[in-house]
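S.K.: task: produce atomic coordinates for the following.
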Amino acid sequence: MKTLYLDCQMGAAGDMLAAALLELCPDKEEMLRRLNALGLPGVRYQAEKSVKCGILGTHLSVTVDGEEEGEHHHDHHQHHHAHHGLHDIRHIVSHLEIPEAVREDVMAVYDCIAQAESRVHGVAVEQIHFHEVGAMDAVADVTAVCLLMHALGNPKVAASPIHVGSGQVHCAHGVLPVPAPATALLLEGIPTYGGSIRGELCTPTGAALLRHFVSEFGPQPAMVVEKIGYGCGKKDFERPNCVRAMLGQSQGTQGDIWELACNLDDITGEEVGFAMERLLEAGALDVYTTAIGMKKNRPGVLLTCLCQEQQRDAMVKLLFLYTTTLGVRERPWSRRTLARTMETRDTEYGPVRVKTVSGFGVQREKAEFEDLARIARDKGISLRQAAEAAKK
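M.R.: The predicted structure is shown next:
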């Protein structure tokens, strides 16, 4: 499986993440041209070589109407920002020359920020006015990261625990502790740590991007690294001020998942089916039912949901919301998985997606059923004939 690992030992900011991902692109100049053609008013991206503690990387600078401004990493002294609300951000993003999936990612990141700001200030989401993260260059950073993730094929993203820094930060609301309140909320549930370095190492934009894209936090997973990128911040410290991004293929590995289960005997089949759909839509690894006998000789259903550890709370909430259960059992399982990749092949009947799995000395492939069924219906042939065409 294509995997991206983000090493955030010096925190993360939007410009650093974007620069690190840009270094992973096969054609950086073409991607830079694409970024500058997005249609962000007055915005221009420029990639500059940067050296931090002897390590060569890239700094992605953003100028707005010819001036570099905005969320400079580790520095929030802002004096001439336009403060945008969520409606303004949505309007700007709706007019950008980006795929719809990227547009959805950008707005999901800003919705995440808005929820955090809403909790901090005690006002409705639509009344939030972004300061540092609402400046045009911050919109540029978020859009760049979302587009670069898309260009890299939307790999599975993992990251190290996040170094947040220490001390205080100056922002539009005054002098605040590090991490700033909104950043701290965005990092809820994510492993973080402070240290001796004074300053804001993880910015609100960086925190929101990590929260949206990263599926697991911890040590680097077992993977074959194919390319490494260094995204540099503007300031210098005793450590290299950069995010390191490693792109490669994860191998068949052993990992932990959680099993959530509940017994149901007072719920309809339609309700069970709907609950299963909602759990899968929310990202559950698998959901299934087992027929069981319950007390008072009642036939019942055992509903089981498999998920990643960081999904547990969300899945438990859905189980309580969509079923009649009064309690959910939890237990961790260790599992071994094969690495999976997906490719689209051209056949005599049209494109077919083919999944390949490998690891532990095993490799096999299988065409996607939906594509085979579509071909079989359109061409009046059997599923077997469609599958044979996909193998050619």
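
S.K.: hey, let's count contacts and neighbours off CA atoms from now on
M.R.: Fine.

S.K.: pLDDT weak spots in the chain?
M.R.: 69-84, 121, 124-134, 171-173, 251-255 (pLDDT under 70).

S.K.: Arg211: what secondary structure?
M.R.: helix (DSSP: H, G, I helix; E, B strand; the rest coil).

S.K.: in which helix or strand does Ala158 reside?
M.R.: Per DSSP states H and E, Ala158 falls inside strand 156-159.

S.K.: what is the next helix or strand after that strand packed up against?
M.R.: Using DSSP H and E, the next helix or strand after strand 156-159 towards the C-terminus is strand 162-163. In terms of contacts (3 or more CA pairs under 8 Å, 6 or more residues apart in numbering; DSSP states H and E), strand 162-163 is packed against strand 192-193.

S.K.: ranges for the strands of the stretch 1-150 of the chain?
M.R.: 2-7, 43-52, 55-64, 67-68 (DSSP state E, counting those that start in this stretch).

S.K.: please work out which of these is packed deepest.
M.R.: strand 2-7 (a mean of 25; mean count of other CA atoms under 10 Å).

S.K.: okay, the strands of the stretch 1-150 of the chain in JSON lines with distance to His150 next?
M.R.: As requested, these are exported to JSON lines (distance: least, CA to CA, whole Å):
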{"stretch": "strand 2-7", "distance to His150": "12"}
{"stretch": "strand 43-52", "distance to His150": "18"}
{"stretch": "strand 55-64", "distance to His150": "18"}
{"stretch": "strand 67-68", "distance to His150": "26"}
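
S.K.: and of these, who's closest to Pro155?
M.R.: Among these, strand 2-7 comes nearest to Pro155, with 5.1 Å by CA to CA.

S.K.: tell me which strands the closest one pairs with, and in which orientation.
M.R.: Neighbouring strands of strand 2-7 in its sheet, by DSSP bridges, are strand 156-159 (parallel), strand 242-250 (antiparallel).

S.K.: turn those into TSV, including mean neighbour count.
M.R.: Conversion of those to TSV gives the following (neighbours: other CA atoms under 10 Å):
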stretch	mean neighbour count
strand 156-159	22
strand 242-250	24
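
S.K.: how about residues contacting stretch 181-197?
M.R.: Residues from elsewhere that reach stretch 181-197, judged by CA atoms under 8 Å, 6 or more residues apart in numbering: 112-113, 116-117, 120, 161-166, 202-204, 207-208, 211, 217-218, 310.

S.K.: now which of the residues you listed would you call buried?
M.R.: The neighbour count (16 or more other CA atoms under 10 Å) marks 112-113, 116-117, 161-166, 202-204, 207-208, 211, 217 as buried among the contacts of stretch 181-197.

S.K.: for the closest residue to Pro351 other than its chain neighbours, list each beta-bridge partner.
M.R.: Leaving aside its sequence neighbours, Pro351 sits nearest to Arg345 (CA to CA, 6 or more residues apart in numbering; 5.5 Å). Legend: beta-bridge partners of Arg345 under DSSP bridges are Val352.

S.K.: what is the burial count for Arg345?
M.R.: 15 (other CA atoms under 10 Å).

S.K.: same check on Ala275?
M.R.: With neighbours defined by other CA under 10 Å, the count for Ala275 comes to 20.

S.K.: Pro332 now?
M.R.: 14.

S.K.: touching, Met315 and Leu279? I think so.
M.R.: Yes: if you go by CA atoms under 8 Å, Met315 and Leu279 touch, sitting 6.7 Å apart.

S.K.: got any residues that touch both of these two?
M.R.: Here Met315 and Leu279 share the contacting residues Cys305, scored by CA under 8 Å, 6+ apart.

S.K.: now do the contacts for the nearest residue to Tyr322 once chain neighbours are set aside.
M.R.: Leaving aside its sequence neighbours, Tyr322 sits nearest to Ala275 (CA to CA, 6+ apart; 5.3 Å). Ala275 sits next to Leu318, Leu319, Tyr322, Thr323 when contact means CA under 8 Å, 6+ apart.

S.K.: quick check: Ala275 vs Arg298, distance?
M.R.: 21 Å (CA to CA, to the nearest Å).

S.K.: same question, Glu97
M.R.: For Glu97, the distance to Arg298 - CA to CA - is 58 Å.

S.K.: next one: Leu210
M.R.: Taken as CA to CA, the span from Leu210 to Arg298 is 47 Å.

S.K.: please say which of the two ends up with more neighbours.
M.R.: Remark: of Leu210 and Arg298, Leu210 carries more neighbours, 26 against 12, as counted by other CA under 10 Å.

S.K.: so what touches stretch 341-358?
M.R.: 1-2, 252, 338-340, 363-368, 371-372, 375, 379, 386, 389-390, 392.

S.K.: please redo it, this time with the cut-off set to 10 Å
M.R.: Outside stretch 341-358, the residues that touch it by CA atoms under 10 Å, 6 or more residues apart in numbering are 1-2, 249, 251-252, 337-340, 363-372, 374-376, 378-379, 386-392.

S.K.: again, but for stretch 376-392
M.R.: Applying CA under 10 Å, 6+ apart, the contact partners of stretch 376-392 are 344-354, 365-375.
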